[in-house]
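# Fold the stuff below for me.
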Amino acid sequence: MNSRASDPRLQGLYGITDSQLMPNLNSMLFQVEAALRGGCGIIQYRDKSTGAKQRQQQAAALLDLCHQYDSLLLINDDIELAQAISADGVHLGQGDGNHADTRNILGPNAIIGITCHDDLQLAEQACSYDADYVAFGAFFASKTKPNAKPAPMHLLHDAKQNLPVPVVAIGGITVDNAHQIINAGADMLAVVHSLFSAEDITARAQSFQQLFR
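The predicted model follows:
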């Protein structure tokens, strides 16, 4: 059994930053802190647009903020950046680096998550690489990734029955449809737009967290 399977922080709302919704560092810190105040336990820093220096500055500032709330910061698709700022871990897509080497690079305490789309076999492979969680999606139409391939709801149930690690669901998740995802077996809800475009981000985060109680 993966030692992270019982980590209490690997449950509940999982917020992912978005450079469109957070055009600068100040707005990013403001919005992320609002989510953390609402009980969000994990933030993923995801930014495909800025230069390396700016990304490192943003990620380091987010790491400090997350740790003030005893929350985790994971870096999307960039093992070097995660290592440079001593982030809590990484989230990797299927085409991002050599999954098998990630644990050796980041060490035994790093949290490693891997995108597995709609494929249980990819998730089983991720577990063999010592992933701490696997992510499936998209379960609903996504504003962030409108062309994402749909994943069937039963996949979450199958994953919970067969995998030793927590399961993340992503893709168009809102407070109104999240109960379907949780009932199907998801341990975490990865949310971008429905969280960070909310008028009151803290209240929205609390609403998501309450669904797990």
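# how about the helices of the chain, start to end?
For the chain, the helices defined by DSSP state H cover 25-37, 52-68, 79-85, 99-106, 120-128, 154-162, 178-184, 193-196, 201-210.
# Could you tell me the least trusted of these?
Among the helices of the chain, helix 99-106 has the lowest mean pLDDT, at a mean of 90.
# ok, back up a step: between the helices of the chain, which one is closest to Ile114.
helix 120-128 (4.0 Å; C-beta to C-beta). Every residue, glycine included, has its C-beta placed from N, CA and C.
# angle of that closest one against helix 99-106?
Between helix 120-128 and helix 99-106, the angle comes out at 30 degrees (axes from the mean of the first three to the mean of the last three C-alpha atoms, to 10 degrees).
# Buried residues, helix 120-128. List them.
Buried residues in helix 120-128, counted by 16 or more other C-beta atoms under 10 Å: 120, 122-123, 125-127.
# Then stretch 129-139?
130-139.
# next one: stretch 139-150
Buried positions in stretch 139-150, judged by neighbour count with 16+ other C-beta under 10 Å: 139-140, 142, 144, 148.
# measure the residue of the chain most remote from its centre to Asp64 for me?
Ranking residues of the chain by C-alpha distance from their mean position (C-alpha atoms, centre = their mean) puts Lys53 at the top, at 22.8 Å. Applying C-beta to C-beta, to the nearest Å, the value for Lys53 to Asp64 is 17 Å.
# what does Thr202 give?
In this view, Thr202 and Asp64 are 19 Å apart by C-beta to C-beta.
# Name the residue in these two with the higher neighbour count.
Thr202 (16 against 11; other C-beta atoms under 10 Å).
# so what's that one up against?
34-35, 37-38 (C-beta atoms under 8 Å, 6 or more residues apart in numbering).
# one more time with 6 Å, if that's ok
Taking C-beta atoms under 6 Å, 6 or more residues apart in numbering, we find Thr202 in contact with 34, 37-38.
# for Ala60, same thing?
Ile85.
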